[in-house]
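Chemist: build me a model:
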Amino acid sequence: MPHDTAISFDAWLAAHPDVTRVEAVLFDINAAPRGKWLTRAKALALAAKGMPMPRSLFALDAWGRDVGAAGLAFGTGDPDGLCRPVTGRWGMAPWLDGNSATVMLAMTGDDGAPCPADPRGVLQAVLARYAALGLTPVVATELEFYLYRREDGLPVPPDGARYRNDTLSTTALASHAALFDAILGAAQARGIPADGLVSEAGPGQYELNLEHRADALAAADDAVLLRHLVRRLAAAHGLGATFMAKPYGDCSGSGLHIHASLLDSTGRNVLADAEGGPSEMLHHAVAGLIATMPEAMLAFAPNFNSYRRFRPDAHAPLSAGWGFDDRSAAVRVIRAGPAATRIEHRISGADANPVIAMAAMLGGMLAGIEGRSTPPPPQDPGQPGAGVALPVEWGAALLAFGASPAMADLFGARFRDIFTACKRQDRATFLAQIDRFEYDTYLSLL
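Modeler: Residues are numbered from 1 along each chain as shown. Next up, the predicted model:
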């Protein structure tokens, strides 16, 4: 049956009588899937009754442990929220078997509002502020990832060729045709508008492109679900797939690029003037992005590995600058006529939670629009590091985000503090580890 968002989940199940198992998932602050496997009978009650799960499920560290400082588990009784299907976000689960389906859930509290740690609720609040101004963001994402296999517990390229550059190689695509057909087919069946796949520079690195949507929450869900599909289907084909920002220290990093334009109530793109040039509104939006980017860095680079991307000449900007059609800039303005002129945000790693990264990007644009801010001059493409320096170290990004009134306004103070607490626990765990290279360097030297 074609994907249909107009029917209910129970009606979809009724149309698929062979489904005997349903994977019911929501995604935590790291965009990791959390949930349950349900029998058909239990799944049929999801829409009407919902399913309780702990609210603290959102606020977990990278290893799935509760984060006490987040204030959602210990000392609270660890109460449940109620989970129900997200409209249209269900389909077959080809990585399991022919009788399994999967459904995405959203959680609400007793008052019917999103759980305070739910990134989807944060993005919904940002979009409500746009709606109050009569504006609708139109967004699209580009997701980079690596395929790999393991040797002695470490990732290696699928074909073993570590240093070959396969940028735009159709031969590289053909080598995994069965997997890529499965990914694009599963995306289509789930209503995820993936419209292209290209080979990137790294060994076994690829990029999935999604179409523009005038529903930013749906576009963010698309990216989260697509990451889930890619990992599961790669495993079913005997490979690993990772959205780590930098799985190999000497190869290209993986990014999450987000494109955005803005429509007014008449459907006109307000980022372009009548002739298709950059509008005053576009300049306000760029100014907001530049101003908020240093304090929002944790949303775009939330993990220890995230910061390995940020180095000179690596297509991961070290400063908050902008430019026209300039891929070295953190904010690239694409001039493409009145309808398609847009902003491309190029800071996020592929490891960022797409919902959080999109909320931070759109929130930054909104801050500039509301404040009618003026951006600095566009950067010289020959000097891409000339803008405002970014905190390209995890501890500095944590400090900037956690103490930021602007992030409290953008995300809500409660979410800002929960996210900061989770990432502080991650960082404390990493700082307690000493790897072999550190011993090899210092043990006999010092």
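Chemist: drop to CA atoms for contacts and neighbour counts, all remaining ones
Modeler: OK.
Chemist: for the residue nearest to the spatial centre of the chain, list the residues it contacts.
Modeler: For the chain, residue 354 is the residue whose C-alpha lies nearest the centre (Cα atoms, centre = their mean; 1.6 Å). Residue 354 is in contact with 31, 220, 221, 223, 224, 256, counting by Cα atoms under 8 Å, 6 or more residues apart in numbering.
Chemist: what's the pLDDT at it?
Modeler: Here, the pLDDT recorded for residue 354 equals 98.
Chemist: gap between the residue lying closest to residue 249 once chain neighbours are set aside and residue 328?
Modeler: Closest residue in space to residue 249, ignoring its immediate chain neighbours: residue 308 at 7.3 Å, by Cα to Cα, 6 or more residues apart in numbering. Distance from residue 308 to residue 328, counting by Cα to Cα, to the nearest Å: 17 Å.
Chemist: neighbour count: these two, which is higher?
Modeler: More crowded of residue 308 and residue 328, by other Cα atoms under 10 Å: residue 328, with 25 against 19.
Chemist: Three-state assignment for the more buried one, please.
Modeler: Assigned by DSSP: H, G, I helix; E, B strand; the rest coil, the conformation of residue 328 is coil.
Chemist: quick check, it in contact with residue 318.
Modeler: No: Residue 328 lies out of contact with residue 318 (Cα atoms under 8 Å); the separation is 9.5 Å.
Chemist: tell me, which strand in this protein spans the most residues?
Modeler: Using DSSP state E to define each element, the chain has its longest strand at strand 136-151.
Chemist: what's the following helix or strand after that one?
Modeler: Downstream of strand 136-151, the first helix or strand assigned by DSSP states H and E is strand 154-156.
Chemist: in the helix or strand just after that following strand, which residues are buried?
Modeler: The C-terminal neighbour of strand 154-156 among helices and strands, as given by DSSP H and E, is helix 170-174. For helix 170-174, burial by neighbour count (16 or more other Cα atoms under 10 Å) applies to 172, 173.
Chemist: check which element follows helix 170-174 along the chain.
Modeler: Sequence-wise, the next helix or strand downstream of helix 170-174 (DSSP H and E) is helix 177-189.
Chemist: if you count neighbours, what's buried in that next one?
Modeler: Across helix 177-189, burial judged by 16+ other Cα under 10 Å covers 179, 180, 182, 183, 184, 186, 187, 189.
Chemist: low-confidence ranges, this protein, go.
Modeler: For the chain, applying pLDDT under 70 flags the ranges 1-6, 382, 384-386.
Chemist: can we see that at 80?
Modeler: Filtered on pLDDT under 80, the chain yields the residue ranges 1-6, 110, 160-165, 313-315, 381-387.
Chemist: which parts of it are helices?
Modeler: Assigned by DSSP state H, the chain shows helices spanning 9-14, 40-44, 46-49, 119-132, 170-174, 177-189, 216-236, 280-300, 337-340, 354-371, 394-402, 405-411, 413-431, 436-442.
Chemist: so which of these comes closest to residue 141?
Modeler: helix 216-236 (7.1 Å; Cα to Cα).
Chemist: ok, which stretches of the stretch 1-150 of the chain are strands?
Modeler: All strands of the stretch 1-150 of the chain, identified by DSSP state E, counting those that start in this stretch, fall at 21-27, 33-39, 51-54, 80-92, 100-108, 136-151.
Chemist: count the neighbours of residue 255 for me.
Modeler: When neighbours are counted by other Cα under 10 Å, residue 255 comes out with 28.
Chemist: how about residue 176?
Modeler: A total of 15 residues lie near residue 176 under the criterion other Cα under 10 Å.
Chemist: can you check residue 20 too?
Modeler: Per other Cα under 10 Å, the neighbour tally for residue 20 reads 16.
Chemist: the nearest residue to it once chain neighbours are set aside: what's it in contact with?
Modeler: Distances taken as Cα to Cα, 6+ apart place residue 40 nearest to residue 20, at 5.0 Å, with adjacent residues excluded. Residue 40 is in contact with 19, 20, 21, 22, counting by Cα under 8 Å, 6+ apart.
Chemist: same list (the residues you listed) but as a markdown table, adding distance to residue 112.
Modeler: A markdown table is the format used below for the contacts of residue 40 (distance: Cα to Cα, whole Å):
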| residue | distance to residue 112 |
| --- | --- |
| 19 | 30 |
| 20 | 30 |
| 21 | 28 |
| 22 | 24 |
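Chemist: name the nearest of the residues you listed relative to residue 304.
Modeler: Among those, and counting by Cα to Cα, the member closest to residue 304 is residue 22, at 33.8 Å.
Chemist: hang on, the closest one packs against residue 39?
Modeler: Yes: assessed by Cα under 8 Å, residue 22 is found in contact with residue 39 at 6.4 Å.
Chemist: about what we covered before: I'd like the buried residues of helix 177-189 as a markdown table, with distance to residue 369 appended.
Modeler: Formatted as a markdown table, the buried residues of helix 177-189 follow (distance: Cα to Cα, whole Å):
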| residue | distance to residue 369 |
| --- | --- |
| 179 | 43 |
| 180 | 40 |
| 182 | 41 |
| 183 | 38 |
| 184 | 37 |
| 186 | 38 |
| 187 | 34 |
| 189 | 37 |
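Chemist: mind picking the one among the residues you listed that's closest to residue 231?
Modeler: Of all the buried residues of helix 177-189, residue 183 has the smallest distance to residue 231: 9.6 Å, by Cα to Cα.
Chemist: distance check, the closest one against residue 293.
Modeler: Look at residue 183 and residue 293: by Cα to Cα, they are 33 Å apart.
Chemist: for residue 368, see how far away residue 143 is.
Modeler: Following Cα to Cα, the distance that separates residue 143 from residue 368 is 26 Å.
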